[in-house]
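Novice: After the sequence you'll find the predicted model.
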Amino acid sequence: MFTRSELEIKTTAQLRDLSKRYGLKPTGNGGYKTSWIVTLMAFPQIAIAQLRQGRGLKSPGFSVIQFLEGVVDEMNSPTDEQAALIKLTMEGKAMNYPDRYDQENLLNLHKAKMHLEMAIGLLSQ
């Protein structure tokens with residue numbers, strides 16, 4: 001990611017700012033360039049090793065993905081009229097109150113279902 005040569009030409013303050021940008025702490029005394037350089041060079045490999053070990057952010061199990069698929073199935077699909085109202089709502093048209101609350105709820109359900117389907121697709125890769 002970062003090469004030693006591109007990091008060595010930076011000042012300690014620049015290295016500290018770069019590390020702060022990514023939320024990293026120095027490996028030793030923050031007053032030395034080497035502490036920041038080691039951190040910036042090593043963190044990508046450490047992050048991948050942690051992923052492989054199942055530490056930190058990790059993929060959910062197959063049963064969780066099946067559960068999410070069940071949620072999507074239970075949400076069903078919109079009727080033709082509901083799909084038309086969703087399209088109209090996305091174009092900025094709003095019904096009068098109190099129907100507007102249900103119109104917004106229908107749109108939110110549609111968005112939630114779309115996001116769940118996208119999440120399942122990302123998790124299934």
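Specialist: Alright, I've got the coordinates.
Novice: residues of stretch 116-125 that come out buried?
Specialist: By neighbour count, with 16 or more other CB atoms under 10 Å as the criterion, stretch 116-125 contains no buried position. All C-beta spots, glycine's among them, are computed from the backbone N, C-alpha and C.
Novice: Also stretch 16-24?
Specialist: 16, 18-19.
Novice: Just the ones of the residues you listed in helices?
Specialist: 16, 18-19 (DSSP state H).
Novice: can I get these in TSV with pLDDT and distance to Gln50?
Specialist: Shown next, in TSV, are those (pLDDT from 0 to 100; distance: CB to CB, whole Å):
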residue	pLDDT	distance to Gln50
Arg16	96	23
Leu18	96	21
Ser19	97	18
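Novice: what would those residues look like in CSV with distance to Ala49?
Specialist: Output for those, formatted as CSV (distance: CB to CB, whole Å):
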residue, distance to Ala49
Arg16, 25
Leu18, 22
Ser19, 19
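Novice: Quick one: list the elements packing against the helix ranked longest in the chain.
Specialist: Among the segments of the chain that qualify as a helix by DSSP H, the longest is helix 99-123. Packed against helix 99-123 by the contact rule (3 or more CB pairs under 8 Å, 6 or more residues apart in numbering; DSSP states H and E) you find helix 62-75, helix 80-90.
Novice: picking up where we left off before, just the closest of the ones in helices among the buried residues of stretch 16-24 to Ala84, please.
Specialist: Leu18 (51.3 Å; CB to CB).
Novice: and the spatially closest residue to the closest one that is not a sequence neighbour, what pLDDT?
Specialist: Closest residue to Leu18 apart from its sequence neighbours, by CB to CB, 6 or more residues apart in numbering: Leu40 at 6.5 Å. We have a pLDDT of 97 for Leu40.
Novice: which SS state does Leu40 fall under?
Specialist: Of the three states, Leu40 takes helix according to DSSP: H, G, I helix; E, B strand; the rest coil.
Novice: ok, it - contacts?
Specialist: By CB atoms under 8 Å, 6 or more residues apart in numbering, the residues touching Leu40 are 1-2, 7, 15, 18-19, 24.
Novice: Thanks again, I'm all set now.
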